[in-house]
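**Student:** Sequence and predicted structure below; questions after.
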Amino acid sequence: MAPSLLRYLLLIAALSIFPSVEAGVDGSDVLFSTSFSGHIFGRHIYSNYGGDTVNADADNLYLMSGSRYETIPKSRIYGVRVDSDNERQLALTYTPAIIESSAKSFPVEKLQMNFTSEIARKNAAIKLQEVLFGSDKALSHHRLRMVVNPWSGRRRGEQIQRETVELLQDAKIAVDVIHTNGEGHAIELGKELKTDPSGYDGVLIVGGDGTLNEFVNGLTEFGTSESLLPVMHIPAGTGNGVGASLGVAHPNRATLGVIQVLKNWNPQALPRMPLVKYTTVLGYNMEGGGATDYRVGETGVSLLGCQSAILTDVDIGSQCLRCIGSTRYPICGLWQVLRNHSHPMQLEFEYLDDSGDAVQEITDDMSLLAIVNVPKIATDFTLSPEGSALEKGLDTVHVARGDTNFRSRLSMLLGMEDGSYTQSPAVHVNRKLKRATITSNHTYPAQNVITIDGEVKQGSRFKMETTDLHLRLLHHMEPSTGATSDGIVQPSDNGNQVM
């Protein structure tokens, strides 16, 4: 056989055994060549051979290095970070796993790409931006307002602000930042944006549930009007019940959702959170006869509902332990379980569908009594496991003091993280309510207190009612496939795909 023919046949055989990386994966297109340094293939690598490539199809990026590749869904990518100090490098920021339930971990990886020249780096950045966000650079047209409470969450507000802004800038989203300077400032900022949105596509609230509550009350004029300006909570507090109820307990998760919403911008399709209005009523003893005169104290929007009895005792008693974060709640909860204070109260409620009696009443000495419109009032506190932040209706939960002993109360406390405590026969839940009212019958007025969105309110009666108003959310929820019990999505069996 002629040597030339033999070489030709060997070449054909080699190509069939070792397919060219340039052919892509499943018909994907090669964007550019580079050399990787960062965390891929389950380990940190540095390739200086220049033979790596980045491929893409409609849904994924493929990082090709030799005979191996790793898949990153575009929905997991924040954007492209250009290193101003190195003209031959850029980085891809992404998350290797969607973790809906975790408030402690939501990793962001940074894959470094190295190029032979500044022009090559520039061209690669342009191609990546086009593949990820469109040739019209749609995300660069969006502008967000960010309201930051720097004191929230053990003063983590500024740190989370910096990290969030950096990730948004990777997606070329413009962000204007303003800090709150004290209690009530977020209300004024909400009022200002209600009057003049100033061309913003949405508002990000970096802080706790209290900061979010203030801003929404300003934006909706304390629940009397609806705003078209969407809002998203970037969790930076100690409780973060709203974020946890929406499945975005970590700020990195919330930020990724914001980028995905703006990438597929459709304001009419944004999820909407039904607004609930609260009214506190102050009770005064009238002269003669000992009758009570009830007068309205304050009204506004509640995002987490109201809690009383042991839940308010825990909230008040744990204030001195704020420095240890959310750990303060179970510690103080155990102490209140031991004390088992008396809370004489009355609960009145009416169903959305007017089923049963128009108004139902329950009067008892309560261990626990709450009205909620979300499943979680904190990241590790599921008060109404069947509730939804995106569905209209209130839920009430109550436990009579006489129906429990120390052992059952302790068991319920341990089951409040995942909501399993509601399986106890002592726990009574009413769902899909139109309105509900709690009346506190303590002898001393100073004991008539309740917690609304983490803030302690004084009063004798507390009324919560549904409205026809909604809060638009700058929120994207991606279903997690293959999730484990802790919410972490595992790689596929071939080890090449980041799901």
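**Tutor:** That came through, no problem.
**Student:** Show me what the residue lying closest to D315 once chain neighbours are set aside is bridged to.
**Tutor:** Spatial nearest neighbour of D315, chain neighbours left out: T451 (4.7 Å); criterion: Cβ to Cβ, 6 or more residues apart in numbering. From N, CA and C alone the C-beta is placed, and that goes for glycine too. According to DSSP bridges, Q307, V456 are recorded as the beta-bridge partners of T451.
**Student:** ok, S245 - contacts?
**Tutor:** V374, P375, K376, G387, S388, A389 (Cβ atoms under 8 Å, 6 or more residues apart in numbering).
**Student:** about what we covered before: hmm, the residue nearest to D315 is touching I310, no?
**Tutor:** No: with contacts counted by Cβ atoms under 8 Å, T451 stays clear of I310, the gap being 10.9 Å.
**Student:** okay, the two: which has more neighbours?
**Tutor:** Using other Cβ atoms under 10 Å as the criterion, T451 and I310 rank with I310 on top: 27 against 22.
**Student:** Could you tell me which residues make contact with that one?
**Tutor:** Contact analysis of I310 by Cβ under 8 Å, 6+ apart lists G333, Q336, V337, H341, H343, S367, L368.
**Student:** tell me the two of those that are most distant?
**Tutor:** Maximum pairwise distance among the contacts of I310 (Cβ to Cβ): 15.1 Å, between G333 and H343.
**Student:** can the contacts of I310 go into TSV with extra columns for distance to V203?
**Tutor:** Listed next are the contacts of I310 as TSV, based on distance: Cβ to Cβ, whole Å:
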residue	distance to V203
G333	34
Q336	36
V337	39
H341	40
H343	38
S367	39
L368	34
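**Student:** Throw those into CSV and include neighbour count, thanks.
**Tutor:** Shown next, in CSV, are the contacts of I310 (neighbours: other Cβ atoms under 10 Å):
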residue, neighbour count
G333, 23
Q336, 21
V337, 22
H341, 14
H343, 21
S367, 26
L368, 25
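**Student:** so which of the residues you listed would you say is closest to F381?
**Tutor:** In terms of Cβ to Cβ, no member of the contacts of I310 lies closer to F381 than G333, at 9.4 Å.
**Student:** Which of the three states applies to the closest one?
**Tutor:** For G333, the assignment made with DSSP: H, G, I helix; E, B strand; the rest coil gives helix.
**Student:** What's the per-residue pLDDT of it here?
**Tutor:** We note a pLDDT of 75 for G333 in this prediction.
**Student:** Next one: it relative to L410, how far apart?
**Tutor:** Taking Cβ to Cβ, to the nearest Å as the measure, G333 falls 9 Å from L410.
**Student:** what's the answer for L246, then?
**Tutor:** 30 Å.
**Student:** Which one's more surrounded, the two?
**Tutor:** Between L246 and L410, L246 has the larger neighbour count (other Cβ under 10 Å), namely 27 against 15.
**Student:** contacts for stretch 254-269?
**Tutor:** If you take Cβ under 8 Å, 6+ apart as the criterion, stretch 254-269 is touched by 75-76, 78-79, 95, 132-134, 138-139, 142, 144, 164, 167-168, 171, 173, 201-202, 204, 228, 230, 232-235, 243, 248, 270, 472, 474-478.
**Student:** Inside helices: which ones of these?
**Tutor:** In helices, defined here by DSSP state H, the members of the contacts of stretch 254-269 are L132, F133, T164, L167, L168, G243.
**Student:** quick one: which of those is nearest to H179?
**Tutor:** In terms of Cβ to Cβ, no member of these lies closer to H179 than T164, at 13.8 Å.
**Student:** mind checking pLDDT for that closest one?
**Tutor:** The model reports T164 with a pLDDT of 97.
**Student:** which residues does it contact?
**Tutor:** M146, L204, V206, I234, P251, T255.
**Student:** Setting aside sequence neighbours, what's the nearest residue to it?
**Tutor:** T255 is the one closest to T164 (Cβ to Cβ, 6+ apart), at 5.1 Å.
**Student:** Which secondary structure state does the one you found sit in?
**Tutor:** Under three-state DSSP, T255 falls in the helix class.
**Student:** Name the strands paired with the helix or strand harbouring F32 and say parallel or antiparallel.
**Tutor:** In the assignment (DSSP states H and E), F32 maps to strand 29-40. Sheet pairing for strand 29-40, assigned by DSSP bridges, gives strand 43-46 (antiparallel), strand 52-56 (antiparallel), strand 109-114 (antiparallel).
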